[in-house]
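**Q** Here is my input; please provide its structure:
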Amino acid sequence: MKALLPSLLAAVGSFASLSAAIVEKPLEYKSGEVVCEGWQAYDDAVNGQRPGVLVVHQWTGISDHEKEAARKLAALGYNVLIADIYGKGIRPQPPAAGKEAGKYKADRPLLRARVNAALDVLSHDSRTDASKLAATGYCFGGTTVIELARSGAAIKGVVSFHGGLDSPTRADGKNIKGKVLALHGADDPYVPAKDVAAFEAEMKAASVDYKLVKYPGAVHSFTHKAAGNDNSKGAAYNADADRDSWFQMEQFLKRLF
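**A** Residues are numbered from 1 along each chain as shown. Sure thing, here's the model as predicted:
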């Protein structure tokens, strides 16, 4: 029996590792007539339905940055879908990325339609508890999840990482049904003080349950290691802000669900 024990333990360990894995895969869906290609992640060891978290990409479209976030969220027990706002195959790099993102920022109804299409896919996935939905987004994606909330989506809360905080239609704040967490670089040159003030005014006027966290010394893209560490460029990685913002999001989602 002693001779068999190591082999038995090894077999059990192998089975456990096979039965608990993060599944990641592309997922096609449509927004109107536009074919989109999102990215799904979930832990196949979790039984039954679980809360769903939508992740929205930064200005270049779905990248490894969002996939890593989706992987980590899936490991926490969420069913995750990265939305594809631009459409399948559209993954622009700078400077073209600015033009592509600008198209949606200038057309908020189109932006809302694209993100709501992804939310609909996530909410109808068999692994999702549709009564427990949230969304997070980076940069352009941060702007997008706030627009998702403003659209009146049935969502418990949204988290914006270094997203735009402008308030193009202040009255839309009244449509927000869930909580809002905005994680902001205090020295972000791409989000002027007037935008931050407008965002807060909108949230307060609509009595939204919101929280704005400002990270001193952090600029735009503070969660992006690929942004480098030169704040003078306006976008740079900040390890402390990255670490704390992820913690803030984790706690926010726990409280929601």
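**Q** tell me which element L212 is part of?
**A** Counting by DSSP states H and E, the element that carries L212 is strand 210-215.
**Q** name the helices or strands packed onto that strand?
**A** In this structure, strand 210-215 packs against strand 179-185, helix 193-205, helix 239-256, with contacts taken as 3 or more Cβ pairs under 8 Å, 6 or more residues apart in numbering; DSSP states H and E. All C-beta atoms are positioned from the backbone trio N, CA, C, and that covers glycine.
**Q** gap between the shortest one and the chain center?
**A** By that I understand strand 179-185. When distances are taken as Cα atoms, centre = their mean, to the nearest Å, strand 179-185 is centred 12 Å away from the chain's centroid.
**Q** and what of the second one?
**A** Relative to its chain's centre, helix 193-205 lies at 21 Å (Cα atoms, centre = their mean).
**Q** show me what contacts A227?
**A** When contacts are counted by Cβ atoms under 8 Å, 6 or more residues apart in numbering, A227 is found next to H220, S221, K233, A235, A236, Y237.
**Q** Next, give phi and psi for it.
**A** With angles defined as degrees, to the nearest 10, A227 sits at phi -80, psi -10.
**Q** quick one: it and A239, what's the gap?
**A** The span separating A227 from A239 equals 12 Å under the rule Cβ to Cβ, to the nearest Å.
**Q** quick one: the helices in the chain?
**A** Counting by DSSP state H, the chain has helices at residues 5-19, 64-75, 96-105, 108-124, 140-150, 193-205, 239-256.
**Q** follow-up on the earlier one: highest neighbour count among the contacts of A227?
**A** Using other Cβ atoms under 10 Å as the neighbour criterion, S221 leads these with 27 neighbours.
**Q** Please verify my assumption that it contacts A241.
**A** No - with contact taken as Cβ atoms under 8 Å, S221 and A241 are classed as non-touching, separated by 10.3 Å.
**Q** mind checking which of the helices and strands packed on strand 210-215 is nearest P109?
**A** Relative to P109, the nearest member of these by Cβ to Cβ is helix 193-205, separated by 17.8 Å.
**Q** which stretches of this protein aren't confidently modelled?
**A** Low-confidence segments of the chain, defined by pLDDT under 70: 1-20.
**Q** what's near enough to touch the nearest residue to A83 once chain neighbours are set aside?
**A** Taking Cβ to Cβ, 6 or more residues apart in numbering, and ignoring the residues beside it in sequence, A83 has A118 as its nearest neighbour in space, at 3.4 Å. A118 makes contacts with Y29, S31, C36, G38, L54, V56, L81, A83, D84, I85, as judged by Cβ under 8 Å, 6+ apart.
**Q** give me the number of residues near the nearest residue to S123 once chain neighbours are set aside?
**A** In this structure, S123 finds its nearest non-sequential neighbour in A130, 4.4 Å apart by Cβ to Cβ, 6+ apart. A130 has 15 neighbouring residues, counting by other Cβ under 10 Å.
**Q** Looks like A130 contacts H124 (just checking).
**A** Yes - counting by Cβ under 8 Å, H124 is a contact partner of A130 at 7.3 Å.
**Q** wait, what's in contact with I22?
**A** The contact partners of I22, by Cβ under 8 Å, 6+ apart, come to A41, Y42, D43, D44, R71, A74, A75.
**Q** Let's see that with 7 Å instead.
**A** The neighbours of I22, taking Cβ atoms under 7 Å, 6 or more residues apart in numbering as the test, are A41, D43, R71, A74, A75.
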